[in-house]
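S.K.: generate coordinates for the sequence data below:
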Amino acid sequence: MLVFLVGFMGAGKTTAGKLVSSKTGFSYIDLDAEVELKAGKSIAGIFKDDGQDEFRHLEAATLRELCDTNKTVVAVGGGCPCINDNMEWMLNNGIVIFLKAHHGTLFHRLMPGKKNRPLIATLSDVQLMEYILNQLPIREKFYSAAQYTIETATEPPSVLCHRIVEIINKVPAKIS
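M.R.: Numbering: from 1, shown residues only. Predicted coordinates:
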C-alpha cells in the first residue's frame, strides 16, 4: 500500500509522514528528497541550474518509480499533485490524504524557514501571504480529489498521526 500525503507546503506532510511511519512500520519517503538523490543536487540547485520545468519532470518521474513500493508513506511536494496527471496517478496507485491548512496557519509555518524553499525564498512576508492566497485555491482544486481530507490547523502532530493511521487501517485488504 502506498499512502500519499498531499497539501500545500507547510501543511504538515513531512511531520505527519515520519510519525505515521514510526507508528505503522511503513517506510517513509519524502518525494523532494528522492528527487534530490536522483538529480544529485538540492531542489534549490535544480531550480537554479535547470529550472522549475526540469524539477517538475524529475518529480513526476520519481513519483512513478514508486509503483512497486509497498507499505510506504510518501510526503508529496505541494505542487506535485497539480501537474503531469500526478494526482490521477496517485489515486490509481494508493490512497491519497489531503492535509488541509488555513492560509494564516500556512503563513506562520512557512515564514521562519522560507529561505529553504525555492518557490518562496526571495519573497517578503507580504509577498509570501499573497503567494499563499493566490496559490492555495488553485492547488486545493487538485488536492480535494484525494479520498480523505484532514484539517491540520488545530490538530497536534500526534492526533494527526492517529487520524492517518485510522484511515490506513480502514482501507480494504484488496487495496493494500
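S.K.: wait, what's in contact with K23?
M.R.: Neighbour list for K23: C161, V165 [criterion: CB atoms under 8 Å, 6 or more residues apart in numbering]. Every residue, glycine included, has its C-beta placed from N, CA and C.
S.K.: so how far is D68 from it?
M.R.: From K23 across to D68, the span is 24 Å (CB to CB, to the nearest Å).
S.K.: assign a three-state SS to I150, would you?
M.R.: Each residue gets one of three states, and I150 gets strand by DSSP: H, G, I helix; E, B strand; the rest coil.
S.K.: okay, the one helix or strand in the chain whose mean pLDDT sits lowest in CSV with CA atoms only?
M.R.: Counting by mean pLDDT, DSSP states H and E, the weakest-scoring helix or strand in the chain turns out to be helix 43-50, with a mean of 92. Extracted in CSV, the C-alpha atoms of helix 43-50 (Å, rounded to 0.1, in the frame of the first residue of the first chain):
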residue,chain,number,x,y,z
ILE,A,43,15.9,21.3,-5.0
ALA,A,44,17.2,24.8,-4.9
GLY,A,45,20.1,23.7,-7.2
ILE,A,46,17.7,22.1,-9.6
PHE,A,47,15.6,25.3,-9.8
LYS,A,48,18.7,27.4,-10.2
ASP,A,49,20.6,25.3,-12.7
ASP,A,50,17.8,23.6,-14.7
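S.K.: contact partners of the next helix or strand after it?
M.R.: Scanning the chain past helix 43-50 towards its C-terminal end, the next helix or strand to appear is helix 52-64 (assignment: DSSP states H and E). Here helix 52-64 makes contact (CB under 8 Å, 6+ apart) with 31-32, 34-35, 38-39, 43, 46-47, 76-77, 79-80, 83-84, 86, 89-90.
S.K.: among these, which are located in helices?
M.R.: Counting by DSSP state H, the contacts of helix 52-64 place L31, D32, E34, V35, K38, A39, I43, I46, F47, N86, W89, M90 in helices.
S.K.: format those as a markdown table; extra columns: neighbour count and distance to L58.
M.R.: As requested, the ones in helices among the contacts of helix 52-64 are exported to a markdown table (neighbours: other CB atoms under 10 Å; distance: CB to CB, whole Å):
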| residue | neighbour count | distance to L58 |
| --- | --- | --- |
| L31 | 21 | 10 |
| D32 | 22 | 10 |
| E34 | 17 | 9 |
| V35 | 24 | 5 |
| K38 | 14 | 6 |
| A39 | 18 | 6 |
| I43 | 20 | 10 |
| I46 | 24 | 7 |
| F47 | 16 | 11 |
| N86 | 23 | 12 |
| W89 | 18 | 15 |
| M90 | 25 | 17 |
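S.K.: all set, thanks.
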